[in-house]
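Visitor: the following block contains a protein sequence and its predicted model.
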Amino acid sequence: MRKRHFPAILTFLILLFYTSLGFGQSKGLTLSPLNKLDTHSPWVNHTFRRLSRKQRIEQIFMVAAYSNKSLEYSDSIGKIIKKYQPGGIIFFQGGPYRQTLLLNSYQKSLKVPAMVAMDAEWGPAMRLDSTLAFPYQMTLGALTKDTLIRKMGEAIGFQLSRLGVQVNFAPVLDVNNNIHNTVINFRSFGENKESVSEKANQYILGLQDKGILATGKHFPGHGDTEVDSHSDLPSLPFNRARLDSLELYPFRKAIALGIGGMMVAHMHIQAYDTSIHLPSSLSGNVIEGLLRTRLGFKGLIFTDAMNMKGVIKYYPPGQAELMAVQAGNDMVEMSTDLEGSVRSIRKALRKGLLSREVLNEKCRNILAWKEWMGLNAYKPVSPNNLYADLHKKEDKELIQELSDESLTLVRWEDSSRLRLPHKIKNGIILAVNSPDSDYLRMGLSNNFGLRYVPIPANADSLFLENVLTNMGDFDAVFLCLHDKRLRPSASLNYSKPLLKWIGKLALDSRVYTTLLANPYCLAKIDQIEKASHLLITYQDSDFTERSALGFWSGSLDSRGKLPVSIPGKFLSGFGLINHFR
């Protein structure tokens, strides 16, 4: 009897073991899209045969579109799409309803439906107005509850699918360990490679569970640079041992997980290619040698935008796109000369500089991905109830939970007693650069009966002296530092006298400071590491303002950890865990 049941028991134990390792019923792993691709399926074969040689080349290209520009501009893009039949469309700024109408019009003119992409790192709101903005990756980097990120990936995946989008150029897999990095910065999960990898993988699982192609970027790692590849060609001057141990770590883990897409950055990686001024996006050593062969990536490879100075400063349009294909990229994004690029590739095919077998393989691969995305049974996007579908109650609740869980307390004068004052007899709110609808200010005023003094970002010394003079005696001051800019910079746009004043005032034991901004901003505030009380929300939104209010009102605990180090002030991974309730 025991012998008969032994195989079943053994199978059960094996399944239990792998489940304990996290290898359970997950589309991102056991049902990875890579396991479902069929480059010779009936639909792929039929579609491939219908395409002319020129159209097979055109499948490689991804055209940019906007829904916030003039009718003339939209029509001009429509004519390009109809004439060149590109394999993909990437949408940038606009609105969801306008984009839906444009997309339906563009798809109607295509022989093969285009795969549609967006940079939706914090959801469609990264590009579209009238949509919900999920937290930035830097904010998520503070979480100790990573499973929430998978839920976010699923929510963003649903929204993208609802908009007719199949590819999300996210997550950012760059390890941001350079405070002077202006292009990645708040878009990274942080400076700890393990944390970046774990959080990114949760995001990947959520997206791909909803049938959205997750695309890691910016390979092989754009975190430790100070040059923006939009304006010039950055360089990673490190040796292979350093790159392998740090920059490549999240990419390797994402590949092992089963990520379907990868975007290659425009950077000079001398450790892998010594060619002068050659971007990684045009390097066969980086793409075929490192990404394909060494790391074993079998998914779809996209170039970063080909209109960026990191490419066009050194290689003319047409030549750059041909080099990108020769290097191993599957799809070329945003060519500045689509006609010239197609012509260059056709010429290279005739001269034997690019084999027709390689081109046909790329075309079949793109078609296979389109089949996985459901484009073999394409349906136009319905505009009905679009706004409601993009503003679901459960999505708002998830954003609030993510904001709550990211709250990070880094200073409390008496760390052995993390308690707020029970009674405030004479308190004041000093809100710097406060928005008109400030939930934190209004909530503190209502909860504690405090008066409010607005502090402009350009405040001079005389104004600030008057504020202190007129404050009178007080037992509590809530100092709120706001930054409502669309892209939270690593430095606050405050006057020098104001920054100095903040650092001095925050030392007072009666002052409770909240930074609703990029944590790197702390580096420019003298003595802030000695503040009596300091809470960080990482960004300024209605959700983070509510989170901060919950903390100071005593209804929320702080559980977040700093995802990055603030040189000379705080270390990555630091955070005081309090229990007010």
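Guide: Great, that's in hand.
Visitor: how many other residues sit next to the closest residue in space to Leu505 that isn't next to it in sequence?
Guide: Closest residue in space to Leu505, ignoring its immediate chain neighbours: Val511 at 5.8 Å, by Cβ to Cβ, 6 or more residues apart in numbering. Where C-beta positions appear, they are placed from N, C-alpha and C, glycine not excepted. Residues lying near Val511 (other Cβ atoms under 10 Å) number 21.
Visitor: and Val511, bridged to which residues?
Guide: Val477 (DSSP bridges).
Visitor: show the contacting residues for it.
Guide: Each residue near Val511 by Cβ atoms under 8 Å, 6 or more residues apart in numbering is listed here: 477, 479, 505, 531-533.
Visitor: ok, Thr469 next?
Guide: Thr469 touches nothing, counting by Cβ under 8 Å, 6+ apart.
Visitor: same question, Gly211
Guide: 157, 161, 166, 372-374.
Visitor: buried among the residues you listed? Make that a PyMOL selection.
Guide: The following PyMOL line selects those of these that are buried, judged by 16 or more other Cβ atoms under 10 Å:
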select buried, resi 157+161+166+372+373
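Visitor: quick one: low-confidence parts of the stretch 251-400 of the chain?
Guide: Nowhere does the stretch 251-400 of the chain drop to pLDDT under 70.
Visitor: my bad, the stretch 451-581 of the chain
Guide: Using pLDDT under 70, the stretch 451-581 of the chain drops low at 579-581.
Visitor: where do the strands sit along it?
Guide: 451-455, 476-482, 511-516, 533-536 (DSSP state E, counting those that start in this stretch).
Visitor: okay, the angle between the third one and strand 476-482?
Guide: So that's strand 511-516. For strand 511-516 against strand 476-482, the angle by axes from the mean of the first three to the mean of the last three Cα atoms, to 10 degrees is 20 degrees.
Visitor: contacts only, for the residue nearest the centre of the chain.
Guide: For the chain, Glu121 is the residue whose C-alpha lies nearest the centre (Cα atoms, centre = their mean; 3.1 Å). Shown in contact with Glu121 (Cβ under 8 Å, 6+ apart): 136-137, 169-172, 187.
Visitor: same question, Pro96
Guide: Counting by Cβ under 8 Å, 6+ apart, Pro96 touches 124, 128, 130-131, 163, 386-387, 390.
Visitor: out of those residues, who has the most neighbours?
Guide: Pro124 (28 neighbours).
Visitor: of all the contacts of Glu121, which two lie farthest apart?
Guide: For these, the maximum inter-member distance is 15.2 Å, found between Tyr136 and Phe169 (Cβ to Cβ).
Visitor: need the contact list for Ser52.
Guide: Ser52 neighbours (Cβ under 8 Å, 6+ apart): none.
Visitor: what pLDDT is listed against it?
Guide: Here, the pLDDT recorded for Ser52 equals 97.
Visitor: look up phi and psi at it.
Guide: phi -70, psi 170 (degrees, to the nearest 10).
Visitor: separation between it and Pro86?
Guide: Here the distance between Ser52 and Pro86 works out to 14 Å (Cβ to Cβ, to the nearest Å).
Visitor: what is the neighbour count of Ser280?
Guide: 31.
Visitor: now it: how far from Ala490?
Guide: 25 Å.
Visitor: ok, now Leu409?
Guide: 21 Å.
Visitor: elements contacting the strand or helix carrying Glu321?
Guide: If you go by DSSP states H and E, Glu321 is part of helix 319-327. Other elements packing on helix 319-327 under the criterion 3 or more Cβ pairs under 8 Å, 6 or more residues apart in numbering; DSSP states H and E are strand 332-333, helix 338-351.
Visitor: returning to that earlier point: in TSV, list the contacts of Gly211 along with secondary structure and distance to Ala348.
Guide: Output for the contacts of Gly211, formatted as TSV (DSSP: H, G, I helix; E, B strand; the rest coil; distance: Cβ to Cβ, whole Å):
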residue	secondary structure	distance to Ala348
Gly157	helix	37
Ser161	helix	37
Gln166	coil	29
Trp372	helix	29
Met373	coil	29
Gly374	coil	33
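Visitor: could the contacts of Gly211 be laid out in JSON lines, adding distance to Lys82?
Guide: Listed next are the contacts of Gly211 as JSON lines, based on distance: Cβ to Cβ, whole Å:
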{"residue": "Gly157", "distance to Lys82": "30"}
{"residue": "Ser161", "distance to Lys82": "25"}
{"residue": "Gln166", "distance to Lys82": "20"}
{"residue": "Trp372", "distance to Lys82": "26"}
{"residue": "Met373", "distance to Lys82": "22"}
{"residue": "Gly374", "distance to Lys82": "23"}
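Visitor: before I go, just wanted to say thanks for your time.
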